[in-house]
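> here is the input, now give the coordinates:
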Amino acid sequence: MANLEIVRLLVLLAVSLVPTIYACGGWINQWDGPLEFECRSVHQFVSRVQSIHNNHREDRRYKMSCRNIPSYVRHCHSTSCRWTGYLNNYDDLLMYNCGRNGYINGFRSVHNNHYEDRRWRVRCCTVRGLYLHDCTHTGWTNSWDRPQYYNTPYGQITSGVLSWHKNRYEDRRWKYRICKVRKAHCTGEPIEEDFVDIPAIADRSNTAPPAVEEMSVDTSYTDVPAVEESSGDGSSADTPDISISE
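Numbers count the residues shown, from 1 in each chain. Coordinates of the predicted model:
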């Protein structure tokens, strides 16, 4: 009996040392239905995204889960969170980051059967004194009509998102902005510019966007360059090479 009690205590200790990852456990949206996901705690960021595409529905279903931000940040500073407005028009580019010290804590989206696309909102959280550095964008985490699997590398935080829609496939490809975290000083000066606002975007007709020479992550809406159609094999050649300045 004593040995069983020791084993039970050891198991509880081992579980407590594993980094906490909260998952929804299943799909968080139905085909063509609204999507709403929020981490259980403001001290967590969206760390994993999985999705599958259905060519009949022309939509994706998503699974998401979260991971804790560093404990030294959680204990030093208060945290504030809020939802953005819609960040993209149907069939258009989505490009957003949560500001200098923000991280993604949730997603919301609605689907439109006419455009066969989704408009997205992001929940950003920020901790005063949290410093993100060495930020970069991932490569594309999915091909057209193919499954998506994204997992944030350990030691980094998801702070932004970039998504490109293509009418030929009625699908989106996704990149994520990831940053390393510098240890915060509890007595440091607060950072005033926590969020960068983006106004809600009115719906537009499905017209071809004009070509542009360069885009930067200034969180304002930017039209995307026109691209030539490819053979349709779902390769990266169907996606424009979007230049992002950090």
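> how about the helices in the protein?
Taking DSSP state H, the helices of the chain run over residues 2-17, 71-76.
> next up, the contacts around the nearest residue to residue 118 once chain neighbours are set aside.
Spatially, and ignoring its direct neighbours in sequence, residue 118 is nearest to residue 109 (4.2 Å; C-beta to C-beta, 6 or more residues apart in numbering). Any C-beta I mention is one placed from the backbone N, CA and C, and that applies to glycine too. With contact taken as C-beta atoms under 8 Å, 6 or more residues apart in numbering, residue 109 is in contact with 29, 34, 35, 118, 119, 120, 121.
> sorry, back to before: could you tell me the least trusted of the helices of the chain?
Of all these, the minimum mean pLDDT falls on helix 2-17 (a mean of 47).
> beta partners of residue 50?
Note on residue 50: beta-bridge partners by DSSP bridges are residue 63, residue 149.
> same question for residue 102.
On the basis of DSSP bridges, residue 102 is bridged to residue 126.
> ok, now how distant is it from residue 84?
For residue 102, the distance to residue 84 equals 10 Å [C-beta to C-beta, to the nearest Å].
> any low-confidence regions in this structure?
Counting by pLDDT under 70, the ranges of the chain that qualify are 1-25, 72-77, 129, 183-246.
> can we see that at 50?
Counting by pLDDT under 50, the chain shows low-confidence ranges at 7, 9, 11-24, 187-237, 243-246.
> okay, strands next: where are they in it?
Per DSSP state E, the chain carries strands over the ranges 21-23, 35-38, 44-54, 59-68, 79-83, 94-97, 102-112, 117-127, 131-137, 148-151, 156-166, 171-182.
> quick one, which of those strands is packed in tightest?
Among the strands of the chain, ranked by average contacts under mean count of other C-beta atoms under 10 Å, first place goes to strand 94-97 (a mean of 25).
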